[in-house]
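Asks: my questions concern the predicted model and sequence given below.
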Amino acid sequence: MYYLNNFFLFSILGHLFETIIFLVIGSKRKSGFLYLWWTPFYGIGVLLSIYFDNKLNKFIKRRFVKNIILFFIYLIIFTVLEASGGILLHFIYKKDFWNYSKVPFHIGKYVSLPTSLFWVFFSFIYLKFIRKFSDKVVSKIPKFITFILSIIFIGDVIISFFKAFN
C-alpha cells in the first residue's frame with residue numbers, strides 16, 4: 001500500500017502543481033492525459049526516487065558518493081521516462097502533450113537538459129524534505145481509500161485510452 005499511496009498522492013499533487021503553473025502562465029493546457037486529477041509521471045517519478053535511494057542505501061554509506069550516483073541515475077531515468085512517455089502518448093493520442101523544441105539544450109521534442117535537471121532537483125528535494133512528511137501521510141491512508149482510488153484510476157486509464165482510439 002505504501003508505494004500505491006505514494007503513486008496516487010504525488011500523481012494528484014503533480015497534477016495540481018502543473019494546473020497552477022498553467023494558470024499562472026496563462027496557458028489553457030490541461031495537465032496530463034487522463035480525465036481526472038492525476039498526472040502519473042509524478043507518481044512514477046517519486047516511486048523511482050524511493051526505489052533507487054533505498055537500493056543505494058544498502059550498498060553505499062557515504063552520503064556524498066551516494067548523491068553523486070543518484071544524480072546520474074535520476075538524470076538518466078527521468079530523461080528516458082519523459083522521452084518514452086512523450087513518444088507513447090504521441091503514438092496513442094496523435095498529439096504532443098509537451099514540446100521542448102524551443103528550450104535550450106533540447107533533444108527532440110520531449111527532452112531537454114533543463115527539464116531533466118528539474119526532475120533531478122525535485123527528487124533530491126523530495127528525498128531530503130518531503131519524504132518524511134509524505135510517509136506519515138501515506139501511512140494514514142486507509143486501505144479502502146487506496147482500493148477505491150485504484151479502481152477509479154484503472155477506470156480513468158481505460159476510458160482515456162478507449163476514447164483516444166475512437
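Replies: Yep, that arrived.
Asks: tell me which helix or strand the spatially closest residue to residue 78 that is not a sequence neighbour sits in.
Replies: Once flanking residues are discounted, residue 78 sits nearest to residue 119: 3.8 Å by CB to CB, 6 or more residues apart in numbering. Just so you know, the C-beta spots here come from the backbone N, C-alpha and C atoms, and that holds for glycine as well. If you go by DSSP states H and E, residue 119 is part of helix 113-125.
Asks: hmm, back to that, give me every residue that touches the residue nearest to residue 78.
Replies: Applying CB atoms under 8 Å, 6 or more residues apart in numbering to residue 119 gives the contacts 45, 74, 78, 82.
Asks: do residue 159 as well
Replies: Residue 159 sits in contact with residue 35, where contact means CB under 8 Å, 6+ apart.
Asks: what does the pLDDT read for it?
Replies: Looking at residue 159, its pLDDT stands at 92.
Asks: could you do residue 166 as well?
Replies: With respect to pLDDT, residue 166 has a value of 68.
Asks: how about residue 58?
Replies: Residue 58 is given a pLDDT of 91.
Asks: who are the packing partners of the helix or strand containing it?
Replies: Using DSSP H and E, residue 58 maps to helix 40-59. Packing contacts for helix 40-59, counted by 3 or more CB pairs under 8 Å, 6 or more residues apart in numbering; DSSP states H and E, involve helix 2-25, helix 63-93, helix 113-125.
Asks: reformat these as CSV; add mean pLDDT and distance to residue 143.
Replies: Converted to CSV, those look like this (pLDDT from 0 to 100; distance: least, CB to CB, whole Å):
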stretch, mean pLDDT, distance to residue 143
helix 2-25, 92, 10
helix 63-93, 93, 28
helix 113-125, 94, 28
